[in-house]
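Enquirer: sequence isn't available, so here's the structure alone:
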């Protein structure tokens, strides 16, 4: 047993002697190569490459021998190749865990409510009666379409008469004409719903007239809400179609001051 232990103690020393001899031989080789390079037999680049390779191998091997000589028998080596660090995954900004997703349908519901609010508009004045009717305010230049259950189905701005040809009171739809022209033939309009008569022609609800000679609208949609007509009630084309479909002949029309 003592001979075995003695041999175990001698092994690191033997290995160190071997590598010292190897280091000395390598140094002698480098010196020889350097001399050959100095006299022009070998390029200096090859001399530097040999010296660098020799130093790298000897340094690495010396670290391994020193490690083995210092650790106890059976202890694992601590000389390990450095592992390449794995890149840390960066969370995508679109998957921020603090951001909560809105329930499905919420955004659409909000848009729908806003659209209803914009369509209904200002609250209809009291005292307009009961049942299905068209309510038209001269001063506000606004129309309300009210169904049989007294629910406002649609409300919007119009351009009414600037000459006071319509008086407050109760009327009814007298006639409907899909296409028509002004009394002087200069303008054309659609969805005419007549409810009274003026000095020169029938008065009713229709879309914004088009000047026949130019093909252009007589006013813009942004001007709705102003009193610009000679007697009729000018509407946005979409609102004109809505009233046309809402009010058959005989539908009550309530005109407010």
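Expert: Okay, I see it. These numbers come from a predicted model, not from an experiment. Residues are numbered from 1 along each chain as shown.

Enquirer: need the contact list for residue 217.
Expert: 208, 209, 210, 211 (CB atoms under 8 Å, 6 or more residues apart in numbering). Where you see a C-beta, it was placed from the backbone N, CA and C, and this is true even at glycine.

Enquirer: residue 218 is in contact with the second one, correct?
Expert: Yes: judged on CB atoms under 8 Å, residue 209 makes contact with residue 218 at a distance of 4.6 Å.

Enquirer: what touches both of those two?
Expert: 187, 234.

Enquirer: hang on, the earlier thing: return the subset of the contacts of residue 217 lying in helices.
Expert: Judged by DSSP state H, these include no members of helices.

Enquirer: what subset of those residues is buried?
Expert: Buried subset of those (neighbour count, 16 or more other CB atoms under 10 Å): 208, 209, 210.

Enquirer: could you single out the nearest of these to residue 224?
Expert: The nearest member of the buried ones among the contacts of residue 217 to residue 224, counting by CB to CB, is residue 208 at 8.0 Å.

Enquirer: and the closest one, what's its pLDDT?
Expert: Residue 208 is assigned 98 on the pLDDT scale.

Enquirer: list the contacts of it.
Expert: 159, 189, 217, 218, 219, 221, 234, 235, 236, 237 are the contacts of residue 208 under CB under 8 Å, 6+ apart.

Enquirer: so how do I select the buried members of the residues you listed in PyMOL?
Expert: Selection of buried members from the contacts of residue 208 for PyMOL, criterion 16+ other CB under 10 Å:
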select buried, resi 159+189+217+218+221+234+235+236
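
Enquirer: most widely separated two among the contacts of residue 208?
Expert: Farthest pair in the contacts of residue 208 (CB to CB) is 189 and 221. Separation: 14.6 Å.

Enquirer: can you give the domain ranges for this structure?
Expert: Residue ranges for the domains of the chain, per automatic domain parsing: 2-70, 119-256.

Enquirer: and those, which one averages the lowest pLDDT?
Expert: Mean pLDDT per stretch puts domain 2-70 lowest among the domains of the chain, at a mean of 52.

Enquirer: which of the contacts of residue 217 lies closest to residue 183?
Expert: Once CB to CB is applied, the member of these that ends up nearest residue 183 is residue 209, at 11.6 Å.

Enquirer: ok, back up a step: among the buried ones among the contacts of residue 217, name the ones in strands.
Expert: The members of those that map onto strands under DSSP state E are residue 210.

Enquirer: of the buried ones among the contacts of residue 217, which is the nearest to residue 200?
Expert: residue 209 (15.0 Å).

Enquirer: any idea how far the closest one is from residue 225?
Expert: Separation of residue 209 from residue 225 (CB to CB, to the nearest Å): 17 Å.

Enquirer: alright, I will stop here.
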